[in-house]
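K.L.:
I'll drop the sequence and a predicted model, then ask my questions.
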Amino acid sequence: MIVIVWHVLATGKPYHELGEDYFTIRKDPEKQAQRLIAKLEALGHKVTLEPAA
């Protein structure tokens, strides 16, 4: 919250909500998939990807 206030005061612009999926959609989907696969494999799961129908 303090970071938001600082940015508003420093820039003089009103706060603009980026959206709940901002960090999901701004990144490369392929890199995101590989990161999630690595997390699941680190937890001991075997991951196989198939295209969605």
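P.N.:
Looks like it arrived, so ask away.

K.L.:
what's the helix or strand for His7?
P.N.:
Secondary structure assigned from DSSP states H and E places His7 in helix 2-11.

K.L.:
outside of that helix, which residues touch it?
P.N.:
Pro14, Tyr15 (C-beta atoms under 8 Å, 6 or more residues apart in numbering). Where C-beta positions appear, they are placed from N, C-alpha and C, glycine not excepted.

K.L.:
where do the helices sit along the protein?
P.N.:
Remark: helices assigned in the chain by DSSP state H are 2-11, 22-25, 29-42.

K.L.:
got the ones you listed as CSV, with distance to Pro51 and mean neighbour count columns?
P.N.:
Putting those into CSV (distance: least, C-beta to C-beta, whole Å; neighbours: other C-beta atoms under 10 Å) gives the following:
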stretch, distance to Pro51, mean neighbour count
helix 2-11, 40, 9
helix 22-25, 20, 10
helix 29-42, 12, 11
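
K.L.:
export the ones you listed to TSV and tack on mean pLDDT and distance to Thr48?
P.N.:
Formatted as TSV, the helices of the chain follow (pLDDT from 0 to 100; distance: least, C-beta to C-beta, whole Å):
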stretch	mean pLDDT	distance to Thr48
helix 2-11	92	40
helix 22-25	76	22
helix 29-42	91	10
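
K.L.:
go through the ones you listed and name the closest to Ala53.
P.N.:
helix 29-42 (17.2 Å; C-beta to C-beta).

K.L.:
tell me the helices and strands packed up against that closest one.
P.N.:
Under the contact definition 3 or more C-beta pairs under 8 Å, 6 or more residues apart in numbering; DSSP states H and E, helix 29-42 sits against no other helix or strand.

K.L.:
dump that helix to CSV, restricted to CA.
P.N.:
Only the C-alpha atoms of helix 29-42 are listed here, as CSV (Å, rounded to 0.1, in the frame of the first residue of the first chain):
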residue,chain,number,x,y,z
PRO,A,29,3.1,-17.9,-22.2
GLU,A,30,5.7,-20.6,-23.2
LYS,A,31,8.1,-19.4,-20.4
GLN,A,32,5.2,-19.4,-17.9
ALA,A,33,4.3,-23.0,-18.9
GLN,A,34,7.9,-24.2,-18.5
ARG,A,35,8.1,-22.5,-15.1
LEU,A,36,4.9,-24.2,-13.9
ILE,A,37,6.1,-27.5,-15.2
ALA,A,38,9.4,-27.2,-13.3
LYS,A,39,7.5,-26.3,-10.1
LEU,A,40,5.3,-29.4,-10.5
GLU,A,41,8.3,-31.6,-11.2
ALA,A,42,10.1,-30.2,-8.2
